[in-house]
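**Q** Sequence and computational prediction follow.
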Amino acid sequence: MTELMDRKLLDAMLNSEKRGDYRTLRSHVLYKGAIVADSKDNDVVRDFAHLMVRASRAWRIEMRDGEGSLLDPLNAQNIRWGLVPCPPVVP
């Protein structure tokens, strides 16, 4: 893969982290993590390693509190994709 594609894969993983969607992040890592970890772009490898440290903490929390417990309920993508209920509309 090209270094640009490695960065795009990592960006998708970082988006999952931003949304608190660690189930999707786990899937990204399982299916594409080895590609990102083997990138020729040292910045991508470094950022991926940092992400894995943060994600391992989050996965432990979700093991304790339940899958999806860290989903950001106000994140527009999470709402649009139906991962969390829509917040109530306040008149």
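**A** Great, that's in hand.
**Q** all strands for the chain, in order.
**A** Here the chain has no strands by DSSP state E.
**Q** Which stretches in it count as helices?
**A** 3-19, 22-37, 42-65, 76-80 (DSSP state H).
**Q** what's the angle from the third one to helix 3-19?
**A** Between the axis of helix 42-65 and that of helix 3-19 there is an angle of 30 degrees, by axes from the mean of the first three to the mean of the last three CA atoms, to 10 degrees.
**Q** With adjacent residues omitted, what lies nearest to the residue nearest the centre of the chain?
**A** Centroid check for the chain by CA atoms, centre = their mean gives residue 16 as the closest residue, at 2.6 Å. Of all residues not flanking residue 16 in the chain, residue 25 sits nearest, at 3.9 Å (CB to CB, 6 or more residues apart in numbering). (C-beta placed from N, C-alpha, C; glycine too.)
**Q** Just the local confidence number for residue 3, please.
**A** On the pLDDT scale, residue 3 is placed at 88.
**Q** Next, the contact list for it, please.
**A** Taking CB atoms under 8 Å, 6 or more residues apart in numbering, we find residue 3 in contact with 39-41, 44.
**Q** Kindly reformat the residues you listed as a markdown table containing pLDDT, distance to residue 21 and neighbour count.
**A** As requested, the contacts of residue 3 are exported to a markdown table (pLDDT from 0 to 100; distance: CB to CB, whole Å; neighbours: other CB atoms under 10 Å):
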| residue | pLDDT | distance to residue 21 | neighbour count |
| --- | --- | --- | --- |
| 39 | 96 | 23 | 21 |
| 40 | 96 | 28 | 10 |
| 41 | 96 | 24 | 16 |
| 44 | 97 | 21 | 22 |
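**Q** circling back: surely the residue nearest to the centre of the chain is in contact with residue 29?
**A** No: in this structure residue 16 lies outside contact range of residue 29 using CB atoms under 8 Å: 9.4 Å.
**Q** Please point out which parts of stretch 6-19 sit buried.
**A** Neighbour-count burial for stretch 6-19 flags 6-7, 9-10, 13-14, 16-17, 19 (criterion: 16 or more other CB atoms under 10 Å).
**Q** and what of stretch 31-45?
**A** By neighbour count on 16+ other CB under 10 Å, the buried set for stretch 31-45 is 32-33, 36, 39, 41, 44-45.
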